[in-house]
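Engineer: return atomic coordinates for the entry below.
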Amino acid sequence: MQRTPATIPLGLPTPKVEAWKFTNLARKVEELRCTPLCTTVGCLEAALPVVAGPQAVFHNGTFAENLSESLTLAPGVTLTTVSAQQPAHPLDKLDELTAPAHHTFTVQGTVKLPLHLIHVMSGQPSVARFTIQLAQGASLTLVEHHVAAPRFASWQHTGVEIHLAEGASLTHCVLQILPPACMLSRRETLQLAPTASATSTQLQVGGVFSRTETHTHLSTQNNFKHTGLALTRHNQQHDATLVTHHTGESNQTHIRQRNLIDDQGHAVFQGKFYVAKPAQKTDAYMHCHNMLLSDHARASHKPELEIYADDVKCSHGAATGGLDGAQLFYLQARGLSVPQARALLLTGYALEFIEEFPEPLRAGLTTRLQSWLAEVPFKPEEDADFVPIEGPWLAERAEQPHAIVIPNHEEILDE
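Structural biologist: Prediction:
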């Protein structure tokens, strides 16, 4: 498949900008070689995930009505499309990029089925812009998928503005499952009116580069919870950046990020809490944990607290390391091979976060995790945390193929 250099907008962020100190977006776009535009329905359908419920498909920021299904199954949701609009207060050049249209979803009442927004990219770099508005007391589960056809390469910037009216509730899931050569930059702005609540989950597993930004503005008596999981390997870079503004009283914010990093992968977490002087009784914490599976894997952290109120509880924490040698030794002593023991521990490490995703998505995400783990090679010469145990009683198991099969937890404990 023929590839061409990407058309590069001028002024893209570089590490000279503090918010991008770990990422050179301009260089990554310059190195990108784009595949041709997807022009057939079959090509686009090859990129679509299988979902249950209403779905709206957008190709390079344009609504693909022929691929969108069952929107009538979401009573209370309306879609309007107008000419492209830019944010009122652009942060950088990304906010000034022109999209083909601006799509607005308006939600009234309680929407029982999850609404799936599927973003398909192909060809030269593209821009997509959306607004999600929940009326007073409205409730919605929103799942966004960033995808592309297999073996395609492209870059998309997605801008999303979400407004929750008083008492509204949003469960929001973002799944980045792009092919290996694709790139994504995503900027989300979340505005919560008093007593509104939002729960956010994000998975980054594909693409050579992806950055998801979440800028949250809390007013009074808001609850915001974010859980992020990144599976990073080869030369991938996955960046999760969250900035949370607390401007009123009695807000709660819980942010947790967990990364599995192999080969020469690079995971970035940047989190900032801004607490204004009127934001008394704020309760906020952020944690980031990294599991390094290679000597060349990298993790970068940048937590920030900017606090002007005096009656608050704010904290941040981080932990980075490899697998626990004692845990590996214990599982080997119970008869597991080294690859099985590693896979079991890594599965438990990630499943805790997958359980935070909406229930209809968990089985598919667990399968994707198992597929990712099956591709993680065991390199004992690079693992300094443990030495495989030996003995004649392991001879029979040692002769078996090193397929990664996860035994039942209860069977292990009963032996």
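Engineer: separation between the residue nearest to residue 52 when sequence neighbours are not counted and residue 176?
Structural biologist: Excluding the flanking residues, the one nearest residue 52 by CB to CB, 6 or more residues apart in numbering is residue 360, at 6.3 Å. Bear in mind the C-beta positions are built from the backbone N, C-alpha and C, glycine included. According to CB to CB, to the nearest Å, residue 360 and residue 176 sit 18 Å apart.
Engineer: same deal with residue 299?
Structural biologist: Distance of residue 299 to residue 176, computed by CB to CB: 18 Å.
Engineer: kindly report the same for residue 168.
Structural biologist: Counting by CB to CB, the gap from residue 168 to residue 176 is 25 Å.
Engineer: related to what we said a few turns ago, higher neighbour count, residue 360 and residue 176?
Structural biologist: Set side by side, residue 360 and residue 176 show more neighbours around residue 176, with 23 against 15, by other CB atoms under 10 Å.
Engineer: the stretch 201-350 of the chain: strands as residue ranges?
Structural biologist: With strands called from DSSP state E, counting those that start in this stretch, the stretch 201-350 of the chain shows them at 209-218, 223-232, 237-246, 252-261, 266-275, 283-292, 298-307, 313-321.
Engineer: and those strands as TSV, adding mean neighbour count, distance to residue 60 and mean pLDDT?
Structural biologist: Shown next, in TSV, are the strands of the stretch 201-350 of the chain (neighbours: other CB atoms under 10 Å; distance: least, CB to CB, whole Å; pLDDT from 0 to 100):
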stretch	mean neighbour count	distance to residue 60	mean pLDDT
strand 209-218	23	17	97
strand 223-232	24	25	97
strand 237-246	24	22	97
strand 252-261	22	29	96
strand 266-275	23	26	97
strand 283-292	20	33	96
strand 298-307	16	31	95
strand 313-321	14	37	93
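Engineer: out of the ones you listed, which comes closest to residue 27?
Structural biologist: Of all the strands of the stretch 201-350 of the chain, strand 209-218 sits nearest to residue 27, with 10.2 Å by CB to CB.
Engineer: of the strands of the stretch 201-350 of the chain, which approaches residue 111 most closely?
Structural biologist: The closest of the strands of the stretch 201-350 of the chain to residue 111 is strand 223-232. By CB to CB, the value is 19.5 Å.
Engineer: picking that back up, the residue nearest to residue 52: what secondary structure?
Structural biologist: helix (DSSP: H, G, I helix; E, B strand; the rest coil).
Engineer: distance of it from residue 158?
Structural biologist: Here the criterion is CB to CB. By it, residue 360 lies 23 Å from residue 158.
Engineer: got a list of what residue 354 touches?
Structural biologist: 229, 362, 365-366, 369 (CB atoms under 8 Å, 6 or more residues apart in numbering).
Engineer: got it, and residue 169?
Structural biologist: Shown in contact with residue 169 (CB under 8 Å, 6+ apart): 134, 138-140, 196-198.
Engineer: any buried residues in stretch 26-46, and which?
Structural biologist: Buried positions in stretch 26-46, judged by neighbour count with 16 or more other CB atoms under 10 Å: 26, 28-29, 32, 34-36, 38, 43-44, 46.
Engineer: one more: stretch 17-28?
Structural biologist: Of all the residues in stretch 17-28, those buried under the rule 16+ other CB under 10 Å are 19-20, 22-26, 28.
Engineer: so how far is that stretch from its chain's centroid?
Structural biologist: Mean-position distance between stretch 17-28 and its chain equals 18 Å (CA atoms, centre = their mean, to the nearest Å).
Engineer: what comes into contact with that stretch?
Structural biologist: Contacts of stretch 17-28 (CB under 8 Å, 6+ apart): 8, 12-15, 91-92, 183, 185, 208-209, 211, 237, 239, 241, 266, 268, 270, 300, 302.
Engineer: got the CA coordinates for that stretch in PDB?
Structural biologist: What follows is stretch 17-28, C-alpha atoms only, in PDB (Å, rounded to 0.1, in the frame of the first residue of the first chain):
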ATOM      1  CA  VAL A  17       5.800  23.900  25.500                       C
ATOM      2  CA  GLU A  18       5.600  22.900  29.200                       C
ATOM      3  CA  ALA A  19       2.400  20.900  28.800                       C
ATOM      4  CA  TRP A  20       4.100  18.900  26.000                       C
ATOM      5  CA  LYS A  21       7.500  18.400  27.700                       C
ATOM      6  CA  PHE A  22       7.500  14.600  27.200                       C
ATOM      7  CA  THR A  23       6.100  14.700  23.600                       C
ATOM      8  CA  ASN A  24       7.100  16.200  20.300                       C
ATOM      9  CA  LEU A  25       3.900  16.000  18.300                       C
ATOM     10  CA  ALA A  26       5.300  18.100  15.400                       C
ATOM     11  CA  ARG A  27       8.100  15.600  14.900                       C
ATOM     12  CA  LYS A  28       5.800  12.600  15.200                       C
END
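Engineer: neighbours of residue 367, how many?
Structural biologist: By other CB under 10 Å, 10 other residues sit near residue 367.
Engineer: I'd assumed it was in a helix, is it?
Structural biologist: Yes: under three-state DSSP, residue 367 falls within a helix.
Engineer: and it, what pLDDT?
Structural biologist: Per-residue pLDDT puts residue 367 at 91.
Engineer: from residue 309, how far out is it?
Structural biologist: Distance check for residue 367 against residue 309: by CB to CB, it reads 45 Å.
Engineer: and stretch 92-111, what's its mean pLDDT?
Structural biologist: On average, stretch 92-111 scores 91.
Engineer: endpoint to endpoint, it covers what distance?
Structural biologist: Terminal residues of stretch 92-111 lie 35 Å apart, using CA to CA, to the nearest Å.
Engineer: same deal with stretch 109-127?
Structural biologist: Stretch 109-127 has an end-to-end distance of 30 Å (CA to CA).
Engineer: repeat that for stretch 41-53.
Structural biologist: Here the two ends of stretch 41-53 are set 21 Å apart, with distance taken as CA to CA.
Engineer: do the same with stretch 34-44
Structural biologist: End-to-end distance of stretch 34-44 (CA to CA): 16 Å.
Engineer: same deal with stretch 15-30?
Structural biologist: End-to-end for stretch 15-30, by CA to CA: 15 Å.
Engineer: isn't residue 145 up against residue 175?
Structural biologist: Yes: if you go by CB atoms under 8 Å, residue 145 and residue 175 touch, sitting 5.1 Å apart.
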